[in-house]
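A.B. asks: need coordinates for the below:
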Amino acid sequence: MGQQQPQCIITDQCLGIKKACPNIFKNSVHKYCMWYIIQKVPEKVGRAICNDTDFMTDINAVVWDVDLEPEEFEQNWQTVIEAHGMQNNRWLKYVFAIRQKWIPAYFRDLPLGCLLRTTQRSESSNSYFKRFESHFGTLVEFWMRYNSAVEQQRYSQRRMDTANEHSMLEKVGPMKVELHASLVYTHPIFTDFQKDVKHAICSMGVGGLTTLGVVEYHDVHDGLKHRNFRVEFNIKTNESKCAYKLFERHGIVCRHILWVWNGRQVYKIPEPYVLARWTKKSYRSIVQDETRKVIEDIDEANTKKAEKSKVWSEIYATVGVMDNYATVK
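C.D. replies: Numbering: from 1, shown residues only. Here you go, the predicted structure:
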């Protein structure tokens, strides 16, 4: 990763990892996986209350709500706890005390790419590679299987890159900014962007407007959330901020900002709001080998990789012949 530390690390509540993270990743924020904590609820509070009441439904509604500010979360949490008579549960007191380590309300500003709150992405990677592994294989077999898994991923990546370069998805509304998004974003990101375009067209309304110098403060009423979200818009620079904070955590502007942009005739996404990681040209960035040397010629790198695979295949064939000889002897 170019010697760069991750901005955020999400793990379970392993004490060893808890101690190691601040020592090794000094610039990273360590958070706990929400899924692991929620999975413990029936064991810690009793399966009867979880199965026979609305406790799990109510607590999940509070925990997973990304719209809540810290004060709102704390108030809603206490309401649920008191409604179900769980004020004296020691484990619930403990997880509430460490709420800043796992509740989204306390890290809504972290750019986590769609707000990763669990280790799901890591687990899915493990599951993917397990399809290619065998517990009874040799080290050479492991290397060849792993290489096959990586090659399959690269093939899928090339197919998606081709689709992004040579096709466009249809627009869903009259917003001109959508056309610009279709030109810069990859298909999956553009599809997510379109969802907010639809909501901006159908579900937004005027909640109020105040102006202070060159900055407008729009209180945009969100019909889906049944609440207002304040958008700050600079009429000179088009700089925009929204209390919903979707851009901060996902890297795509929210429907509230889109609604303001449409009214202010901003027909092109301002450059600061187009993250390179979501664009069609992101895969063209600099590629480095294992020694951090910049690879100028991708074809040459692929040729070297093929030669290396050939050597491993010859080693594997030789080992196989020797094993058969030893068995016969």
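A.B. asks: then stretch 224-232 to CSV, C-alphas only?
C.D. replies: Provided in CSV are the C-alpha atoms of stretch 224-232 (Å, rounded to 0.1, in the frame of the first residue of the first chain):
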residue,chain,number,x,y,z
LEU,A,224,-37.9,9.4,2.8
LYS,A,225,-36.2,10.2,6.1
HIS,A,226,-39.1,12.5,7.2
ARG,A,227,-36.6,15.2,8.4
ASN,A,228,-34.6,18.2,7.2
PHE,A,229,-30.9,18.1,6.4
ARG,A,230,-28.9,21.3,6.2
VAL,A,231,-26.8,21.9,3.1
GLU,A,232,-24.1,24.6,3.0
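A.B. asks: in that stretch, which residues are buried?
C.D. replies: 228-232 (16 or more other CB atoms under 10 Å). Using the backbone N, CA and C atoms, a C-beta is placed for each residue, glycine as well.
A.B. asks: same deal with stretch 151-165?
C.D. replies: Buried, per 16+ other CB under 10 Å, within stretch 151-165: 161, 164.
A.B. asks: before we move on, back to that, just name the closest of the buried residues of stretch 224-232 to residue 5, please.
C.D. replies: For these, the residue nearest residue 5 by CB to CB is residue 232; the value is 30.7 Å.
A.B. asks: so that closest one makes contact with residue 215?
C.D. replies: Yes. The pair residue 232 / residue 215 is scored as a contact, 5.9 Å apart, by CB atoms under 8 Å.
A.B. asks: wasn't residue 233 part of a helix?
C.D. replies: No. Read with DSSP: H, G, I helix; E, B strand; the rest coil, residue 233 is strand and lies in no helix.
A.B. asks: what about the closest residue to it other than its chain neighbours, neighbour count?
C.D. replies: Nearest residue to residue 233, sequence neighbours excluded (CB to CB, 6 or more residues apart in numbering): residue 216, at 4.7 Å. Neighbours of residue 216 under the rule other CB atoms under 10 Å: 18.
A.B. asks: okay, residue 216: pLDDT?
C.D. replies: pLDDT, residue 216: 96.
A.B. asks: can you map out the strands along this protein?
C.D. replies: Counting by DSSP state E, the chain has strands at residues 8-11, 29-32, 204-212, 215-222, 227-234, 240-242.
A.B. asks: out of the ones you listed, which is closest to residue 177?
C.D. replies: strand 240-242 (11.9 Å).
A.B. asks: packing partners for that closest one?
C.D. replies: Counting contacts by 3 or more CB pairs under 8 Å, 6 or more residues apart in numbering; DSSP states H and E, strand 240-242 packs against strand 227-234, helix 255-263.
A.B. asks: export those as JSON lines, with columns for distance to residue 66 and mean pLDDT.
C.D. replies: What follows is these, written out as JSON lines (distance: least, CB to CB, whole Å; pLDDT from 0 to 100):
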{"stretch": "strand 227-234", "distance to residue 66": "13", "mean pLDDT": "94"}
{"stretch": "helix 255-263", "distance to residue 66": "14", "mean pLDDT": "95"}
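A.B. asks: can you tell me how far the closest residue to residue 245 other than its chain neighbours sits from residue 11?
C.D. replies: Using CB to CB, 6+ apart and skipping residues adjacent in sequence, the residue nearest residue 245 is residue 108, 4.9 Å away. Remark: distance between residue 108 and residue 11 (CB to CB, to the nearest Å) = 20 Å.
A.B. asks: the more surrounded of these two?
C.D. replies: residue 108 (20 against 17).
A.B. asks: can you report phi and psi for that one?
C.D. replies: phi -70, psi -20 (degrees, to the nearest 10).
A.B. asks: test my guess that it contacts residue 249.
C.D. replies: Yes. Using CB under 8 Å, residue 108 is in contact with residue 249, at 6.0 Å.
A.B. asks: hang on, the earlier thing: would you turn the strands of the chain into CSV with distance to residue 61?
C.D. replies: Conversion of the strands of the chain to CSV gives the following (distance: least, CB to CB, whole Å):
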stretch, distance to residue 61
strand 8-11, 22
strand 29-32, 20
strand 204-212, 24
strand 215-222, 18
strand 227-234, 15
strand 240-242, 23
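A.B. asks: indicate which one of those strands is closest to residue 57.
C.D. replies: strand 227-234 (20.8 Å).
A.B. asks: just give the strands next to the closest one in its sheet, each with its orientation.
C.D. replies: strand 215-222 (antiparallel), strand 240-242 (antiparallel) (DSSP bridges).
A.B. asks: pick the most buried one from the ones you listed.
C.D. replies: Most buried of the strands paired with strand 227-234, by mean neighbour count (mean count of other CB atoms under 10 Å): strand 240-242, with a mean of 21.
A.B. asks: nothing else from me, thank you.
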